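# Could you work out the structure for the sequence below:
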Amino acid sequence: MSRGPGLYWIVSSLSLFGTLFPDLLAHGFLDDRRIVRWIAIPMLIASTTLLVSFYTRWF
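Next comes the predicted model:
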């Protein structure tokens with residue numbers, strides 16, 4: 001059974017949302033937008049890298 005990139009798309013979407021709109025997610029992180037960006041930007045880079053490697057490998 002092979003796994004699709006669905007989880008990576010979810011992580012990428014949430015990371016992009018957290019990068020663009022950190023105020024909406026900051027309530028869970030002590031109302032600090034910097035913490036949201038510190039988490040969201042590396043996750044966006046990692047998930048984008050995995051998505052690119054998945055699609056270049058299979059197509």
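# Helices of the chain, start to end?
Counting by DSSP state H, the chain has these helices, from start to end: 6-20, 22-25, 33-58.
# So what touches the element among helices and strands of the chain having the smallest mean pLDDT?
Here the helix or strand of the chain ranked lowest by mean pLDDT, DSSP states H and E is helix 22-25, holding a mean of 84. Contact with helix 22-25 is made by 17-18, 33, 36-37, 40, as judged by CB atoms under 8 Å, 6 or more residues apart in numbering. C-beta coordinates here come from the backbone N, C-alpha and C atoms, glycine included.
# which stretches of the chain have low pLDDT?
Low-confidence segments of the chain (pLDDT under 70): 1-2, 58-59.
# quick one: contacts for Val11?
Counting by CB under 8 Å, 6+ apart, Val11 touches 43, 46-47.
# With neighbour count as extra columns, can I get these in JSON lines?
Shown next, in JSON lines, are these (neighbours: other CB atoms under 10 Å):
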{"residue": "Met43", "neighbour count": "17"}
{"residue": "Ala46", "neighbour count": "14"}
{"residue": "Ser47", "neighbour count": "21"}
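# Which of these sits closest to Leu7?
Taking CB to CB as the measure, Leu7 sits nearest to Ser47 out of those, at 8.8 Å.
# What residues does the closest one make contact with?
Ser47 neighbours (CB under 8 Å, 6+ apart): 8-9, 11-12, 15.
# Excluding chain neighbours, what is closest to Phe32?
You called it Phe, but residue 32 is Asp. Leaving aside its sequence neighbours, Asp32 sits nearest to Ala26 (CB to CB, 6 or more residues apart in numbering; 6.1 Å).
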